[in-house]
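K.L.:
based on what follows, work out the 3D shape:
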Amino acid sequence: MSAAATLMVDLTAIVANWRDLAARGAPGAVAGVVKADAYGLGAAEVGPALRAAGCRHFFVALLGEGIALRAAIGPGPMIGVLGGFAPGADGDAALTPVLNSLGDVAAHAAAGRAAGVARRAILHVDTGMARLGLDAAELALVSADHGMLAGLDLHYVMTHLACADEPAHPMNAAQATRFAAACAGLPKMRRSFANSSGMFLGADFASDLARPGCALYGINPTPDHPNPMRPVMRLEVPVLQLRDILAGTPVGYGATWTASRPTRIATVAAGYADGYLRSLSGHAVAEFRGRSVPLVARVSMDLTTFDVTDLPEIAPGDRLTLIGGDGCSPDEVGARAGTIGYEVLTSLGARYAREYLRG
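P.N.:
Just a heads-up that it's a prediction; the model follows:
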């Protein structure tokens, strides 16, 4: 009996999701967003699988992620770094910085002019997120003086949608209008607009390059409708011990749950140190051979307890599915934890034994 939980990642399903999105993105290209270690599922495995399927544009958040991804996928595809980086900091990795401020623009443009070779980059304009990207005043300066961009080889101008998972939200139309106006004031270049949910908003959100992330990994990009994406992961955790307790017996830290009947408790080898969120305490379910078992008491650092009274066939060493089974998809687990599926995936711990399925 192994105490190690197993995180199974279906690379074939991730590739199939990318291909479905690529068909939806026509005629524009569709990138693979693999930031945060491919949303916790392993960029060193996901990146090469997407490249082999034909993906030629990738995005990460940080410089270090970009350097690691280049080592994994090899030369050729564009790797955009959403957080940007100082000129030359990418070494030989041939990364493409996203320029988020006038300071970024000035630094990379000056480096390009000094080297006599235009520096490749992506220009980011803020159309409503109020995070990264040129704000209205900065954009006005660049629009009035295109010479500020001399020394840059701008592959795309991009923006990011704030409310794409709410199709009726007025922010979507407002950002589309603002982005069109921003592009009209800039030199002609290719555009990158929609994220995962944005790809389902219609023709007004199409562009030369879509940037899906969560949908690749099975998160529902259309929360008010059935999930169009394939599930891609399954977390199976072994039962370490079974314990029969009497009615009235408390379980776990704080004695927050007490058995109301004679109960069989299964203790499994995963807890909040593994990214199985403490806020799931008393709210989650696991799956065993198509049947649900409720989580009882508090999630602790390394252990979690489930009521398996109604499944007497469970034995030590059997595995419960904590994430990825019926009733416990990442989106469902996120909802039970009071958060979103993104956080569930990106919290997945390093102690899981990862297995990659390749068809």
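K.L.:
tell me the buried residues in the helix or strand hosting Ala72?
P.N.:
Ala72 belongs to helix 63-73 when elements are defined using DSSP states H and E. Residues Leu63, Glu65, Gly66, Ile67, Ala68, Leu69, Arg70, Ala72, Ile73 are the ones in helix 63-73 that count as buried (16 or more other Cβ atoms under 10 Å). (Glycine included, C-beta is placed from N, CA and C.)
K.L.:
and the next helix or strand after it, which strands flank it?
P.N.:
Per DSSP H and E, the first helix or strand lying C-terminal to helix 63-73 is strand 78-81. Looking at strand 78-81 with DSSP bridges, its partner strands are strand 57-60 (parallel), strand 96-99 (parallel).
K.L.:
relative to Ala315, which of those is closest?
P.N.:
Across the strands paired with strand 78-81, Ala315 has its closest neighbour in strand 57-60 (43.1 Å, Cβ to Cβ).
K.L.:
and for the closest one, what are the contacting residues?
P.N.:
29-35, 43, 47, 50, 66, 69, 73, 77-82, 209, 211, 213 (Cβ atoms under 8 Å, 6 or more residues apart in numbering).
K.L.:
recalculate using a threshold of 7 Å.
P.N.:
29, 31-35, 47, 66, 69, 77-82, 209, 211 (Cβ atoms under 7 Å, 6 or more residues apart in numbering).
K.L.:
next, count neighbours for Arg261.
P.N.:
Using other Cβ atoms under 10 Å, Arg261 has 10 neighbouring residues.
K.L.:
how close does it get to Asp326?
P.N.:
Between Arg261 and Asp326 the computed distance is 25 Å (Cβ to Cβ, to the nearest Å).
K.L.:
over to Ala140?
P.N.:
53 Å.
K.L.:
the stretch 251-359 of the chain: helices as residue ranges?
P.N.:
For the stretch 251-359 of the chain, helices defined by DSSP state H, counting those that start in this stretch occupy the ranges 330-336, 341-346.
K.L.:
so for the shortest one, mean pLDDT?
P.N.:
The pLDDT scores in helix 341-346 average 97.
K.L.:
distance from the chain centre to that helix, please.
P.N.:
7 Å (Cα atoms, centre = their mean, to the nearest Å).
K.L.:
keeping just the C-alphas, turn that helix into PDB.
P.N.:
Extracted in PDB, the C-alpha atoms of helix 341-346 (Å, rounded to 0.1, in the frame of the first residue of the first chain):
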ATOM      1  CA  GLY A 341     -11.600  25.900 -10.100                       C
ATOM      2  CA  TYR A 342      -8.600  28.000 -11.100                       C
ATOM      3  CA  GLU A 343      -7.500  28.100  -7.400                       C
ATOM      4  CA  VAL A 344      -8.200  24.400  -6.900                       C
ATOM      5  CA  LEU A 345      -5.800  23.500  -9.800                       C
ATOM      6  CA  THR A 346      -3.100  26.000  -9.100                       C
END
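K.L.:
ok, and what's touching it?
P.N.:
Ala36, Tyr39, Gly40, Leu41, Cys214, Tyr217, Ile219, Ile323, Pro330, Asp331, Val333, Gly334.
K.L.:
show me the contacts for the residue nearest to the spatial centre of the chain.
P.N.:
Centroid check for the chain by Cα atoms, centre = their mean gives Tyr39 as the closest residue, at 3.8 Å. By Cβ under 7 Å, 6+ apart, the contact list for Tyr39 reads Gly213, Cys214, Tyr217, Tyr342, Leu345, Thr346.
K.L.:
can you list phi and psi of it for me?
P.N.:
phi 50, psi 40 (degrees, to the nearest 10).
K.L.:
now Ala137
P.N.:
Torsion angles, degrees, to the nearest 10, at Ala137: phi -70, psi -40.
K.L.:
how much space separates it from Ala150?
P.N.:
For Ala137, the distance to Ala150 - Cβ to Cβ - is 21 Å.
K.L.:
so those two - more neighbours on which side?
P.N.:
Ala150 (12 against 8).
K.L.:
so the more buried one makes contact with Arg113?
P.N.:
Yes: here Ala150 reaches Arg113: they are 6.5 Å apart, a contact under Cβ atoms under 7 Å.
K.L.:
what's the closest non-adjacent residue to Arg243?
P.N.:
Spatial nearest neighbour of Arg243, chain neighbours left out: Ile265 (4.8 Å); criterion: Cβ to Cβ, 6 or more residues apart in numbering.
K.L.:
ok, that neighbour - contacts?
P.N.:
By Cβ under 7 Å, 6+ apart, the neighbours of Ile265 are Arg243, Ile245, Val251, Thr305, Asp307.
K.L.:
tally of neighbours for the third one?
P.N.:
The burial metric for Val251, expressed as a neighbour count using other Cβ under 10 Å, is 20.
K.L.:
wait, it sits on Phe306?
P.N.:
No: using Cβ under 7 Å as the test, Val251 is too far from Phe306 to be in contact (10.2 Å).
K.L.:
now do the shared contacts for the two.
P.N.:
Common neighbours of Val251 and Phe306 (Cβ under 7 Å, 6+ apart) are Val296.
K.L.:
let me know the outermost residue of this structure.
P.N.:
The C-alpha centroid of the chain is most remote from Leu246, which lies 43.0 Å away (Cα atoms, centre = their mean).
K.L.:
surely that one is in contact with Pro262?
P.N.:
Yes: using Cβ under 7 Å, Leu246 is in contact with Pro262, at 6.0 Å.
K.L.:
distance between the ends of stretch 82-93?
P.N.:
15 Å (Cα to Cα, to the nearest Å).
K.L.:
give me the residues contacting it.
P.N.:
In contact with stretch 82-93 (Cβ under 7 Å, 6+ apart) are residues 35, 59-63, 66-67, 70, 97-100, 104, 107-108, 111, 119.
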